[in-house]
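Chemist: 3D, please:
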Amino acid sequence: MARAYAHWPLCVAATLVLAACAGPAPLSGARPAATTVLTPSPQPRAAPLPSPPPLPPPAPLPSPEPLPPPASLPPTTTSGPAAQIEPAPQAVPTTPPVSRPTNDTIVLVLPLESPLYGHAAEAVRAGFLAAANAAGSGARARVVGHGDDGVLPAFSSAADSGAALLVGPLTRDDLKTVLAFAMARPRTLALNQPDDGSALPDDAYALALSVESDAALLARRARDDGARTITAVTSDAPLQRRFKAAFAAAWERAGGSTLRDYRFDTNPEVLGLLRRELSARPADATLLCVAAGEAALVRSFLPPGRVYASSQVADGLSTQTLRDLEGVRYVEIPWLADPGGSAFARLPRANFGDPVLERLYALGLDAFAIAELLASPIPPDRIEIDGATGHLSLMPTRVFARDGRIMVIHDGQSALDTATQ
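Modeler: Below you'll find the model as predicted:
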């Protein structure tokens, strides 16, 4: 209470100051009247006080004694505790530690609970378990599901189980999250690859159904076909832009000229301009980077010549529409390109009725086949197999290169281009 009363004058003074400053001065208007200054009435002058007597001068202080020179320190090379003191080491970035497995389990981590990626994850899961059972290793495989934001807890749970190998993540965003988060994990086979081309950390591998692999294969085929100039017609879809960019990079690395790129637009006037431009500047071949439902429309505006297209160009098209794509070449996985092949006779078919899900099922098949090899205590330096998604070969970057099969559309049907197989 005494402290409160002690602060009472300060509070009153502060209140008065705030009240005085509360009203802002006007920015314009008449000049305010001069302030009248009140001066106190003169007071009678008091008689001067007598001057005090002068003080005696202070006695001089004694001079300080000189300080002794500091004792010399022993050189740092002498023995003793002082010799053990070293500068603090500089902090260096660390890579995620790799945990040691305690069993031979292979754990598949998938976004099974994601509304957006759940169906895709189910297809991969089905293929993975089908391959495990066909190999007599069903008891070795385990699946951990997660939602859109749960990849890190799922990976942590799988790593804590002492698994010999983790398989996943499936999406690029989840892979980016896992690679950016330093946590202990066992050897990992990712089912995608970094979109920026960055190197994988130690003991991490990548197997992906990337359009980049298909684009590189088509670029080699176009070169072998004798093409020297190529025109690209590309939609605004991110996947198609990626496909075109990957084709252009592979084409130019091999010495090809820069692609002439035209944006696809369904506007009839724009399509008419496209036809006139392509006729005036004909190229040896055309690259179609559009969805399946747009391919036939674009094809009708192209001049005669070879046409290459992205892998989804024939998905879900009727026989009549495929006839409009006569001669178009694209890349397909062996699982769909040659379904009756003897290489896959022992593996069960899923029959999803959707080529996208069928490709993901095939990815699951290959993921387990490779996972069994990578789960060995000492993984092989070289892996090369003919898988359901293509011919797979391990590169020094620990990313699996994948070559699919080149298909050609003829008479309303897609068939293997036997000239290149």
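Chemist: which ones are touching A285?
Modeler: Residues in contact with A285 (C-beta atoms under 8 Å, 6 or more residues apart in numbering) are A222, D225, A227, T229, I230, T231, G305, R306, V307, Y308. C-beta here means a position set from N, CA and C on the backbone, and glycine is covered the same way.
Chemist: try R281
Modeler: T231, R260.
Chemist: Let me know the pLDDT of it.
Modeler: For R281, the pLDDT comes out at 92.
Chemist: okay, the contacts of A285 in CSV with secondary structure, pLDDT and distance to T418 next?
Modeler: Converted to CSV, the contacts of A285 look like this (DSSP: H, G, I helix; E, B strand; the rest coil; pLDDT from 0 to 100; distance: C-beta to C-beta, whole Å):
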residue, secondary structure, pLDDT, distance to T418
A222, helix, 97, 18
D225, coil, 95, 15
A227, coil, 96, 20
T229, coil, 97, 27
I230, strand, 97, 24
T231, strand, 97, 27
G305, coil, 93, 21
R306, strand, 96, 17
V307, strand, 98, 18
Y308, strand, 98, 17
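Chemist: got the contact list for the residue positioned nearest the centre of the chain?
Modeler: Nearest to the geometric centre of the chain sits K176, at 4.2 Å (C-alpha atoms, centre = their mean). Applying C-beta under 8 Å, 6+ apart to K176 gives the contacts P194, D195.
Chemist: Now the strand or helix carrying it: average pLDDT?
Modeler: Counting by DSSP states H and E, the element that carries K176 is helix 172-180. Helix 172-180 shows a mean pLDDT of 93.
Chemist: From S157, how far off is the residue nearest to the centre of the chain?
Modeler: 20 Å (C-beta to C-beta, to the nearest Å).
Chemist: unless I'm mixing things up, A369 is touching G387, no?
Modeler: Yes: counting by C-beta atoms under 8 Å, G387 is a contact partner of A369 at 6.4 Å.
Chemist: Those two: which is more packed in?
Modeler: Comparing A369 with G387 by other C-beta atoms under 10 Å, the one with more neighbours is G387, at 24 against 21.
Chemist: Do you have the strands of the stretch 101-250 of the chain handy? List them.
Modeler: For the stretch 101-250 of the chain, applying DSSP state E, counting those that start in this stretch gives strands covering 106-110, 141-145, 165-167, 188-190, 204-206, 230-234.
Chemist: For V151, which of those strands is the nearest?
Modeler: When the strands of the stretch 101-250 of the chain are compared by C-beta to C-beta, strand 106-110 sits nearest V151, at 7.2 Å.
Chemist: what about R276, how many neighbours?
Modeler: For R276, the count of nearby residues is 11 (other C-beta under 10 Å).
Chemist: doesn't it fall inside a strand?
Modeler: No: going by DSSP: H, G, I helix; E, B strand; the rest coil, the assignment for R276 is helix, not a strand.
Chemist: From L239, how far out is it?
Modeler: Counting by C-beta to C-beta, the gap from R276 to L239 is 28 Å.
Chemist: how far does stretch 336-355 stretch from start to finish?
Modeler: End-to-end distance for stretch 336-355: 8 Å, by C-alpha to C-alpha, to the nearest Å.
Chemist: got a list of what the nearest residue to I383 once chain neighbours are set aside touches?
Modeler: Leaving aside its sequence neighbours, I383 sits nearest to L394 (C-beta to C-beta, 6 or more residues apart in numbering; 4.2 Å). L394 is in contact with Y205, P380, D381, R382, I383, E384, F400, A401, counting by C-beta under 8 Å, 6+ apart.
Chemist: So which of the residues you listed belong to strands?
Modeler: Those of the contacts of L394 mapping onto strands are Y205, E384, F400, A401, per DSSP state E.
Chemist: Double-check the first one against L191; I have them as touching.
Modeler: No: counting by C-beta under 8 Å, L191 is not a contact partner of Y205; they are 10.2 Å apart.
Chemist: and these two? which has more neighbours close in?
Modeler: L191 (26 against 23).
Chemist: contacting residues around the more buried one?
Modeler: L191 is in contact with V124, V167, G168, P169, L170, A206, L207, A208, L363, A367, counting by C-beta under 8 Å, 6+ apart.
Chemist: I'd like the distance between it and G127.
Modeler: Using C-beta to C-beta, one obtains 11 Å as the distance from L191 to G127.
Chemist: Common neighbours of the two, please.
Modeler: Listed as contacting both L191 and G127 by C-beta under 8 Å, 6+ apart are L363, A367.
Chemist: Pull the contacting residues for A291.
Modeler: Taking C-beta under 8 Å, 6+ apart, one finds S235, A237, Q240, Q312 in contact with A291.
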